[in-house]
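> take a look and give me a structure for this.
(4 chains)
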Protein chains: 2
Amino acid sequence: MVSKTCEYAIRAMLFIAQKSVNDAKVGVKQIARAIDSPEPFIAKILQDLGKKGLVLSAKGPTGGFYLDNAGLKKSLADIVYAVDGDKLFTGCGLGLKSCSAKMPCPVHDEFVVVRKHIKSMLQNAKLGDYNTSLELGEKYLKR
Amino acid sequence: MVSKTCEYAIRAMLFIAQKSVNDAKVGVKQIARAIDSPEPFIAKILQDLGKKGLVLSAKGPTGGFYLDNAGLKKSLADIVYAVDGDKLFTGCGLGLKSCSAKMPCPVHDEFVVVRKHIKSMLQNAKLGDYNTSLELGEKYLKR
DNA sequence: CAAATAAAAGAGTTTATACTCTTCTACTAT
DNA sequence: ATAGTAGAAGAGTATAAACTCTTTTATTTG
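The predicted structure follows:
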């Protein structure tokens, strides 16, 4: 559905969101532990998201990654788009380049519905929405 | 969503279905041309589907691949399952191995709904369902 | 200012997927 | 029978995604 890189990105961002409620910052090491990912790999992904303005970072002691209020309102769809591009939202289900309403593949109409479903689901899921359930241990980011 | 191999498989099977209405058989060369795929690659995929009982084949002149009535009633879900396994239907959206209702990732519930949607869509789409629209040129298998 | 900490950057490796090439075997029409 | 057609099989290559390692640069605390 989404790339592995994107899965890591979402999990990391949800963790950062959880820790950002009181202006705290989290280092890569802590993030990697929390989401059970290779540390240098998630570091790279976050650098990328930082460049694209989806996460803030500070260097030096007590530095790390964090989100402001605007960041907490970003959706999972924003992350997916930044990491994987729009192929999940717009590509053809059978891999045809010119697939469209005018020149549809056999399952075009069905896929349009499914994709809309996925898109709206991801757009409705905001990074800050899961803080309390994560805090309460009702939802998990690893294993 | 599905692997490229699986996309080719579906397109090839839909083409074979279209040509199987009057007991005709189609060769790999013709299939490759019709769905615009590398010939040896689709040959291999179809060999595999043949072993799994999803498509029939005959050797020699006038031989090729074809489907019987039972085969025409198979769904796209059967093809996806044969080629990609069940990861599309059952895997976690964030890549967690132990994700379940008991130990859910943050988006578990939403993904369950989406996956059900995808699954039922693929189960409802039978190989034989597209013969007339393909014949009429309303739907496309290449480009 | 110095030391420690943490992100930034970029090159390098591994692994899986996609795709190709070649050879072999079976079948069937003439 | 034999020649032509078509599938079967398996090894081999290319490319992209996933992941790692090392070095550099910036910042902040003492």
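> when you work out contacts or count neighbours from here on, use the C-alpha atoms and nothing else.
Noted.
> A:I10 touches A:D78, doesn't it?
No. Applying Cα atoms under 8 Å as the test, A:I10 and A:D78 come out as separate, 9.9 Å apart.
> which one's more surrounded, those two?
Using other Cα atoms under 10 Å in any protein chain shown, the more surrounded residue of A:I10 and A:D78 is A:I10, with 23 against 16.
> gap between that one and B:H108?
13 Å (Cα to Cα, to the nearest Å).
> all strands of chain A, in order?
With DSSP state E as the criterion, chain A has strands at A:56-58, A:64-66.
> so which of those is the most surrounded?
strand A:64-66 (a mean of 23; mean count of other Cα atoms under 10 Å in any protein chain shown).
> I'd like to know which elements that strand is packed against.
Packed against strand A:64-66, as judged by 3 or more Cα pairs under 8 Å, 6 or more residues apart in numbering or on different chains; DSSP states H and E, are the following elements: helix A:4-19, strand A:56-58.
> near DNA strand C, which residues of chain A?
Residues of chain A found near DNA strand C (Cα under 7 Å from any atom of the strand) are A:26-29, A:40, A:43-44, A:46-47, A:50-51, A:57-65.
> ok, of those residues, which come out buried?
Buried by 16 or more other Cα atoms under 10 Å in any protein chain shown: A:26-28, A:43, A:46-47, A:64-65, out of these.
> doesn't A:Y66 make contact with A:I16?
Yes. Counting by Cα under 8 Å, A:Y66 is a contact partner of A:I16 at 5.9 Å.
> which residues are common contacts for those two?
A:25-26 (Cα atoms under 8 Å, 6 or more residues apart in numbering or on different chains).
> so who does A:D84 touch?
A:2-3, A:6.
> top of the residues you listed by neighbour count?
Going by other Cα under 10 Å, A:C6 tops these with 21 neighbours.
> tell me the contacts of that residue?
Residues near A:C6 by Cα under 8 Å, 6+ apart: A:79-80, A:83-84.
> of all pairs in the residues you listed, which one is the farthest apart?
Of all pairs drawn from the contacts of A:C6, the widest gap by Cα to Cα lies between A:I79 and A:D84 and measures 8.3 Å.
> measure A:E39 to A:L14 for me?
From A:E39 over to A:L14 the distance is 16 Å, taken as Cα to Cα.
> show me which of those two is the more surrounded one.
Taking neighbours as other Cα under 10 Å, A:E39 and A:L14 compare with A:L14 leading, 24 against 15.
> surely the more buried one meets A:A125?
No. The criterion here is Cα under 8 Å, and A:L14 misses it with A:A125 at 10.6 Å.
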